[in-house]
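A.B. asks: here you go, sequence then predicted model.
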Amino acid sequence: MLKYGGKSLFHASQILFSVVSAVYIHLYLIDCTVLILKRNCEALMLLQKKGLHKKNPSIAVVATLFGDKEDVAWLEENDLASWDEADFDEHLGKPFDDSQRRAITLGLNKKRPFLIIQGPPGTGKSGLLKELIALAVGKGERVLVTAPTNAAVDNMVEKLSNIGLNIVRVGNPARISSAVASKSLGDIVNSKLAAFRTEFERKKSDLRKDLSHCLKDDSLAAGIRQLLKQLGKTLKKKEKETVREVLSSAQVVLATNTGAADPLIRRLDAFDLVVMDEAGQAIEPSCWIPILQGKRCILAGDQCQLAPVILSRKALEGGLGVSLLERASTLHEGVLATKLTTQYRMNDAIASWASKEMYSGLLKSSSTVASHLLVDTPFVKVKNLLYFFHTFFSIFPWVL
């Protein structure tokens, strides 16, 4: 029954796997690229093998994204899926417009396996996600937050840092912004182990002094060396326990899509919610890495902006340039997606063009910015303004 494009889920996964293999062959094979592509392939194999297994926590998500109308109807009839807004009467951290509030209430529905929040430029997507994650945590949910790039993940870390949530950023320390390093797994673990390591260094120093005084006594020296070895094992054991404790107690874990394949994250219990920002820039296989670790999923982004970067023409022709966000937004008569429709960034003369050309005229401008001009900003002085006149057509009138 579970079909995608007229093909079985198994066949669909095979197609995706072959496309990723094409990327693997054609991209420049630097170390990190090999690792990323390996993790993408592993995610597809896991999807193929366990996607519809009854013990898979994300089975409702898989059934929704690869299933047909009958599958979705079955989920609804068995009370496994609901597409309605959650009952919500709590006070929000800041005022939200109607489209933003609808996205929040849809995202808080625990029986909704999948939601797309399309956020055109300036519609407040990031602030909305911050509120949505905080509310989900307040309702007892553990959240995995991902994005295609380290910069996008760090941006979410910054937004979530000062609202009282227990958050942990997982990833390569060299790629984590210094502004959010205090929330990284390494820094948190080091902080918790500071006193233990001080005591460890003191004991190690004492044992080395004792060793230097008994080098001629082989049996005694061997005993001290054994104690040093055991001391090192104790430190490693304590480090592993602390890492496990920090991650298991975190309310929100943040990583890149491929970073979510880290064994430290995969060994954790399934997350209640996976939130993926900038999902329109991610290739579909990478999205399945975090999705398969959660019970339900929210993709946020905009398919009308940056698409996934594909360097292999063969992979692009095979369909890898279409993100999961873009593909899923048209499934099941659009029930999976909601759109933010009010922008708070641009003058209406600019926004109206984007609205007409890319958003079917649905993007409206807030009254706070609709007539806003650069000259109105406090850092612009009128006396320093330069005026530019377009003279191209007066010089080359035959172009007209």
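C.D. replies: Nice, thanks for sending it over.

A.B. asks: hey, what's the residue positioned nearest the centre of the chain bridged with?
C.D. replies: Among the residues of the chain, residue 146 comes closest to the average C-alpha position under CA atoms, centre = their mean, at 1.6 Å. Per DSSP bridges, the residues bridged to residue 146 are residue 255, residue 276.

A.B. asks: give the buried residues for the one helix or strand residue 236 maps to.
C.D. replies: Assigned by DSSP states H and E, residue 236 belongs to helix 218-249. By neighbour count on 16 or more other CB atoms under 10 Å, the buried set for helix 218-249 is 221, 224, 235, 238, 239, 242, 243, 246, 247. Every C-beta, even on glycine, is put in place using the N, C-alpha and C of the backbone.

A.B. asks: same check, this time on stretch 148-156
C.D. replies: For stretch 148-156, the neighbour count (16+ other CB under 10 Å) marks 148, 150, 152, 153, 154, 155, 156 as buried.

A.B. asks: got a list of what the third one touches?
C.D. replies: Residue 152 makes contacts with 277, 278, as judged by CB atoms under 8 Å, 6 or more residues apart in numbering.

A.B. asks: ok, the first one next?
C.D. replies: For residue 148, the contact set (CB under 8 Å, 6+ apart) comprises 256, 257, 278, 279, 281, 282, 286, 308.

A.B. asks: so what pLDDT did it get?
C.D. replies: Note on residue 148: pLDDT of 96.

A.B. asks: list phi and psi for the nearest residue in space to it that is not next to it in sequence.
C.D. replies: Residue nearest to residue 148 in three dimensions, not counting chain neighbours: residue 282, with 4.1 Å by CB to CB, 6 or more residues apart in numbering. Torsion angles at residue 282 (phi, psi; degrees, to the nearest 10) stand at phi -100, psi 140.

A.B. asks: correct me, but residue 282 touches residue 258?
C.D. replies: No. In this structure, residue 282 is not within contact of residue 258 by CB atoms under 8 Å, at 9.5 Å.

A.B. asks: so which of those two has more stuff around it?
C.D. replies: A direct count of neighbours by other CB atoms under 10 Å for residue 282 and residue 258 places residue 282 higher, at 28 against 23.

A.B. asks: now do the helix holding residue 236, average pLDDT.
C.D. replies: Here the average pLDDT along helix 218-249 is 93.

A.B. asks: which ones are touching the residue nearest to the centre of the chain?
C.D. replies: For residue 146, the contacting residues are 153, 254-257, 259-260, 274-277, 289-290, by CB under 8 Å, 6+ apart.

A.B. asks: just residue 102 next, same as before
C.D. replies: So residue 102 contacts 85, 338 (CB under 8 Å, 6+ apart).

A.B. asks: if we can go back for a sec, can you put the contacts of residue 146 in a markdown table and add pLDDT and distance to residue 89?
C.D. replies: A markdown table is the format used below for these (pLDDT from 0 to 100; distance: CB to CB, whole Å):
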| residue | pLDDT | distance to residue 89 |
| --- | --- | --- |
| 153 | 98 | 32 |
| 254 | 98 | 29 |
| 255 | 98 | 33 |
| 256 | 97 | 36 |
| 257 | 97 | 34 |
| 259 | 96 | 37 |
| 260 | 97 | 34 |
| 274 | 98 | 26 |
| 275 | 98 | 23 |
| 276 | 98 | 28 |
| 277 | 98 | 27 |
| 289 | 96 | 36 |
| 290 | 98 | 31 |
